[in-house]
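J.: Build me a structure from this.
(chains A, B and C)
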Amino acid sequence: MFDLPGAWDEGLDDAQLEAATHGDAPLIVLAGAGTGKTRALTSRVAWLMERGVAADRILLLTFTRRAADDMLARASALIGAEPGTRRPRGGTFHAIAHRYVAAYAESLGLPGTFTVLDPGEAADLMDLLRGHHGLARTDVRMPRSATLVEAYSRCINTQRPLREVLAVDFPWCEPHLEEMADLFRAFTDRKRAGALLDFDDLLLYWRALLAHEQLGPHLASQFDHVLVDEYQDVNTLQVDIVRSLRPEGLGLTVVGDDAQAIYEFRGADARHLQDLAETWPDASVVRLERNFRSRQPILDLANAVRPAENNAQLRLHSDRPDGPRPRLVRCHDAPAEARAIADGILESFERGVTLREQAILVRAAHHSDLVEIELSIRRVPYRKFGGLRFLEAAHVKDFVTAARLLDNPHDDIAWFRLLRLHQGIGPARARALVAILHPETDDLLPHWADAVAAAPAAARTTLSATLDGLAVARGRTRPGERAEMVLQVLRPLLMMRYPDAAMRLEDLERLVATAAAVDDLPAWLAELTLDPPRSTGDLAGSPHLDEDYVVISTIHSAKGLEWSVVHLPHVIDGAFPSDMALKSPTGLAEERRLFYVAVTRARDELNLYTPLRMPHHRRARDDRHSFAPASRFLDDGAMAALKVVELNPVRHQIPVVAATAVTVDLTSLWH
DNA sequence: GGTAACTGGGTTTTT
DNA sequence: CCCAGTTACC
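T.: Numbers count the residues shown, from 1 in each chain, chains lettered A, B, ... in the order given. Next up is the predicted model:
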């Protein structure tokens, strides 16, 4: 073991080395924040490959596609693999599932041209069906379609019956239990009939493949090693998948930290991590507690807020020299908070900390609204991650759905969306037209004339052009040409629809340019749906790598990342912890873990902000005059680790001049 | 009967 | 900013 060439083990400490060089028995790595678990995992992949495990017999399951790509590239670099040599398989559960479902579509009774629905489209489908089922009643308010999809998804991901899910997580929906059950049955039927798969279906179908008598063992035997990152955030389906992949636990490596479980709302349960030791009594447990990231004063706060009930009982310690204590900045109101953050960023910048080394992490995407304005005014460039994704922008969705129609003309949701873009076609006419277009055969052309005839006179010309254009696009084979043709179809429609169409069309030009470089358009569209670009800049590739900008991110999207200086606004009850989260019994605990994740992103400096006066905030209004800690995260232990800074409210002085000195004169306009 | 345009109220987190 | 509800027009 000591004569290995290469430097894959350079700088690893004992615990990391133990994890990296562990044999084939199941391995559980309990890794506190910032303890170099990515390094350990990467080194393990490198070690395995160096020991002769073929790259394509290693599967790395991560939380985002970027994390997988990152780790695989680093592992290849560690062992000095030639570019172009085989790389391990890696990706998110959903992305890998998509590959298998596509490859085994026939076995699953699916047409080869199925479509992946994003949650928004699943909600659209739910809406469509609700109409058919007389569930659009207005006398008793029904849950919104997004809520319906959430409840449905929770049932699937936790494998619990609807009755139970409603009782625990959606009590206000309980009166609608029967209707919802009916609706959900129709929902699954419709997805089946239309070859539409939502995110949950991908997991369900992959699990079904793995559970099959012959197919399952065959698929599992394709891998010698399966490594799963962020295991505290897996749900029941994912646990089943992992167990089917490694039925004996041999060659299984799992990394996680139950104090960082922040996806309960998505059906994840940190108990899955705790249960592992029982599932595989012979599993080895390695604990990573040495923090390479943060200075000790930041870890003191982290340890104070780290949930006590965590399984691992990890206590982080650092060998990094002392730095400044984290600050709790009490400011007058949210605008003052925004100014304070901008001041802080520019001060650090003056001291030589690049903007890229500084981040503003928020609980909810809109918490950064005021800071964004402040940064714009001061011309500080920033990029925002999380919140609204690029794909969720209406025009991008218009494009993706229209492009999907070329390969799956059964996709009613896509037709519905495309038809509604035409002037004069609303929900009702679109529904009628979908029924006409809805083909029994794969060939659409015979019905097109009927559809045009059925459209209102004002829409006929454009609709006819749209359908002609799609026919042309279908005739093209190269993905780039197909995409270009789809854009040509959309161009006039988007010009009519959006006042800012020019900007939106520019986005789509970029998207089409990217499409020109792929060889499988449907697969590319599915990948785009599963892991959309996190910010508009992502699409442009990275021509501006030297560009410096502050990162604004939701805490969820910041998981696994780190910055030298971190600013945490809105640390105040109602905002963070979010009052929405407090509705569920386990909500506060999850908020606390989220706070722990946020705090441990900082390497050198950490600033928490508490606006004392927050309009529109119930809780904050009550507390306006009190000097209690602003957030219930900040108990005595946490306060002891903090330095409180009182920020005097800075009033902008408004110069007052004589009343007659300022006049408004419009007469020159009327000449 | 259906669409477009406007108004007012509410806003978590994501594969 | 997105949704539901209302109203005026086709």
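
J.: now the helices for the stretch 1-150 of chain A?
T.: Under the criterion DSSP state H, counting those that start in this stretch, helices of the stretch 1-150 of chain A are mapped to A:14-20, A:37-50, A:65-78, A:93-103, A:119-132, A:145-158.

J.: Could you pull up the residues touching the closest residue to DNA strand C within the stretch 1-150 of chain A?
T.: Nearest to DNA strand C, among the residues of the stretch 1-150 of chain A, is residue A:144, at 5.2 Å (C-beta to the nearest atom of the strand). In this view, the C-beta of every residue, glycine as well, is placed from N, C-alpha and C. Taking C-beta atoms under 8 Å, 6 or more residues apart in numbering as the criterion, residue A:144 is in contact with no other residue.

J.: 10 Å - rerun?
T.: Residues touching residue A:144, when contacts are defined by C-beta atoms under 10 Å, 6 or more residues apart in numbering, comprise A:123, A:126, A:127, A:150.

J.: How is residue A:610 classified with respect to secondary structure?
T.: Per DSSP: H, G, I helix; E, B strand; the rest coil, the local secondary structure of residue A:610 is strand.

J.: re earlier: including neighbour count, distance to DNA strand B and pLDDT, could the contacts of residue A:144 go into a markdown table?
T.: As requested, these are arranged in a markdown table below (neighbours: other C-beta atoms under 10 Å; distance: C-beta to the nearest atom of the strand, whole Å; pLDDT from 0 to 100):
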| residue | neighbour count | distance to DNA strand B | pLDDT |
| --- | --- | --- | --- |
| A:123 | 21 | 11 | 86 |
| A:126 | 23 | 14 | 85 |
| A:127 | 19 | 14 | 80 |
| A:150 | 22 | 7 | 89 |
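
J.: Run through the stretch 201-350 of chain A and note the low-pLDDT ranges.
T.: Low-confidence regions of the stretch 201-350 of chain A, defined here as pLDDT under 70, cover residues A:309-313.

J.: near DNA strand B, which residues of it show up?
T.: For the stretch 201-350 of chain A, the contact set with DNA strand B under C-beta under 7 Å from any atom of the strand comprises A:262, A:263, A:265, A:266.

J.: Generate a PyMOL selection restricted to the buried entries among those residues.
T.: The command below creates a PyMOL selection of those among those that count as buried (16 or more other C-beta atoms under 10 Å):
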select buried, chain A and resi 262+263+265
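
J.: Rebuild the residues of the stretch 201-350 of chain A next to DNA strand B as JSON lines, extending it with secondary structure.
T.: Converted to JSON lines, those look like this (three-state DSSP):
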{"residue": "A:262", "secondary structure": "coil"}
{"residue": "A:263", "secondary structure": "coil"}
{"residue": "A:265", "secondary structure": "helix"}
{"residue": "A:266", "secondary structure": "helix"}
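
J.: any idea which of the residues of the stretch 201-350 of chain A next to DNA strand B is closest to DNA strand C?
T.: Comparing every one of these with DNA strand C (C-beta to the nearest atom of the strand), the shortest separation belongs to residue A:265, at 18.2 Å.

J.: contacting residues for that closest one?
T.: Residue A:265 makes contact with A:150, A:154, A:169, A:556, A:580, A:581, A:584, A:586, A:587, A:590, according to C-beta under 10 Å, 6+ apart.

J.: That one and residue A:100, how far apart?
T.: Using C-beta to C-beta, to the nearest Å, one gets 26 Å for the distance from residue A:265 to residue A:100.

J.: hang on, residue A:173 packs against residue A:151?
T.: Yes - the pair residue A:173 and residue A:151 qualifies as a contact (C-beta atoms under 10 Å) at a distance of 6.5 Å.

J.: Now for the two: what residues contact both?
T.: The overlap between the contact sets of residue A:173 and residue A:151 (C-beta under 10 Å, 6+ apart) consists of A:143, A:162, A:165, A:166, A:180.

J.: just these that are near DNA strand B?
T.: Judged by C-beta under 7 Å from any atom of the strand, the overlap between the shared contacts of residue A:173 and residue A:151 and the neighbourhood of DNA strand B is nil.

J.: Could you tell me whether residue A:553 really is in a helix?
T.: No - assigned with three-state DSSP, residue A:553 falls outside any helix and is strand.

J.: show me what contacts it?
T.: Applying C-beta under 10 Å, 6+ apart, the residues contacting residue A:553 are A:359-362, A:365, A:368, A:383-387, A:534-535, A:559, A:561, A:563, A:601.

J.: can we see that at 8 Å?
T.: For residue A:553, the contacting residues are A:359, A:360, A:361, A:362, A:384, A:385, A:386, A:561, taking C-beta under 8 Å, 6+ apart as the criterion.

J.: what's the closest of those residues to DNA strand C?
T.: Proximity to DNA strand C was ranked across the contacts of residue A:553 by C-beta to the nearest atom of the strand; first place goes to residue A:384, at 12.8 Å.

J.: so what's the closest one closest to, chain neighbours aside?
T.: When the adjacent residues along the chain are set aside, residue A:384 lies closest to residue A:552, with 4.4 Å between them (C-beta to C-beta, 6 or more residues apart in numbering).

J.: Surely that neighbour is in contact with residue A:370?
T.: No - using C-beta atoms under 8 Å, residue A:552 is not in contact with residue A:370, being 11.6 Å away.

J.: Quick check: the farthest pair among the contacts of residue A:144?
T.: Across those, no pair lies farther apart than A:127 and A:150, at 13.9 Å, counting by C-beta to C-beta.
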